[in-house]
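Asks: Structure of the sequence below:
(one chain, ligands or ions: 2)
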Amino acid sequence: MLAAAGLSGRLLVRGVRTLPPYAVSPPSLCGVAYYRGKQTPANSGTLIPSRALSGRQQATGKLVRNGEDKNAVICIEGNIASGKTTCLEYFSNTSNIEVLTEPVCKWRNLRGHNPLGLMYQDPERWGLTLQTYVQLTMLDRHLSTISAPIRMIERSIFSAKYIFVESLFKSGKMPEVDFAVLSEWFDWITANIFIPVDLIVYLQTSPQTCHKRLKQRSREEEKVIPLEYLESIHQLHEDWLIRKSSFPLPAPVLVIPADHDLQEMLHQFEENRDKILAASSL
Ligand SMILES: Nc1ncnc2c1ncn2[C@@H]1O[C@H](COP(=O)(O)OP(=O)(O)O)[C@@H](O)[C@H]1O
Ligand SMILES: Cc1cn([C@H]2C[C@H](O)[C@@H](COP(=O)(O)O)O2)c(=O)[nH]c1=O
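Replies: Residues are numbered from 1 along each chain as shown. Ligands and ions are numbered 1, 2, ... in the order given. Here you go, the predicted model:
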């Protein structure tokens, strides 16, 4: 896909490269949770074996996070630069909601390495490296101790696999053995650890909108992303969340059209507030 998108010439050189010194946040400040406008520690919770049956039937026989049943989990999904972080920021001051943004800064700075930048430069060589780390950090997000009745989380371990790993593999940029290793890890995790999701909010945008916003945000690593890549990521989202034809859905989906300007989007978030918060009573 990246090849089709005209990236292959720049991306296929093998070997470790020295990356430009991107401005990155120190890992200690990355992937923080916010509750009532304040930063809270996103510590991993304790995993315990599930007892006979909880309210969430799928938990049976799996490891569950201690205290799991009390909270609602809402995942905000959408294409790159669709407005997920903006949505989370909007809800971050709501009492009872804790928001967890995607740990992108960890993906940009892992002990001084930049797996995200490496992947965009050479997806065949570094796709497995990035996606292994994304899967770990996503799992960590899902299992971290919850400090509010409702948790809103940016993306999920599911979209990392069903959208991004899938995209790398389907486009021929990920060797079959790398895909197999990632799939085994994902299957083991989801078979043995209960990852609760009560609602998916899909911010549905056109790839053109995302391309415009991506350029405006101007993240250094993402400057090589062409419109065609966003189109393929869009199709994967549509297959999963709208057509429901690709992979299992971990929760019901609420679709919010998200091509509108910022002011209208804030209005849309407010309009959908009750539907979103209803996840806590499911
Ligand atoms: N509705 C909107 N209209 C115009 N620009 C937007 C809108 N929502 C977000 N943006 C801008 O687009 C860029 C990407 O938004 P962001 O929330 O970071 O997306 P994501 O988290 O999905 O990648 C940011 O520069 C943000 O300020
Ligand atoms: C989950 C996930 C993300 N990425 C890439 C895609 C984007 O470049 C960033 C995330 O930024 P966004 O603004 O939050 O969309 O990370 C990836 O390559 N693989 C993944 O699994």
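Asks: Can you name the residues of the chain that neighbour ligand 1?
Replies: Proximity of the chain to ligand 1 (CB under 6 Å from any ligand atom) is limited to residues 78, 80-86, 213, 216-217, 260-262, 265. Just so you know, the C-beta spots here come from the backbone N, C-alpha and C atoms, and that holds for glycine as well.
Asks: just the helices in the stretch 151-282 of the chain please.
Replies: 157-159, 166-170, 176-192, 207-217, 227-237, 262-271, 273-277 (DSSP state H, counting those that start in this stretch).
Asks: quick one on the thing from earlier: out of the residues of the chain next to ligand 1, who's the most crowded?
Replies: Ser82 (28 neighbours; other CB atoms under 10 Å).
Asks: Now do the SS call for it.
Replies: Following DSSP: H, G, I helix; E, B strand; the rest coil, the label given to Ser82 is coil.
Asks: I'd say it and Thr209 touch.
Replies: Yes - the pair Ser82 / Thr209 is scored as a contact, 7.5 Å apart, by CB atoms under 8 Å.
Asks: Switch the helices of the stretch 151-282 of the chain over to CSV; also include mean pLDDT.
Replies: Below are these laid out as CSV (pLDDT from 0 to 100):
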stretch, mean pLDDT
helix 157-159, 98
helix 166-170, 98
helix 176-192, 98
helix 207-217, 98
helix 227-237, 98
helix 262-271, 98
helix 273-277, 93
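Asks: Might one say that Val134 is in contact with Phe164?
Replies: Yes - taking CB under 8 Å as the definition, Val134 is a contact partner of Phe164 at 7.1 Å.
Asks: Kindly state the beta-bridge partners for the residue nearest to Gln268 when sequence neighbours are not counted.
Replies: Once flanking residues are discounted, Gln268 sits nearest to Ile256: 5.7 Å by CB to CB, 6 or more residues apart in numbering. Beta-bridge partners of Ile256, counted by DSSP bridges, are Leu203.
Asks: List the buried residues for stretch 216-225?
Replies: For stretch 216-225, burial by neighbour count (16 or more other CB atoms under 10 Å) applies to 219-222, 224-225.
Asks: what does stretch 88-105 give?
Replies: 88, 90-92, 94, 97-105.
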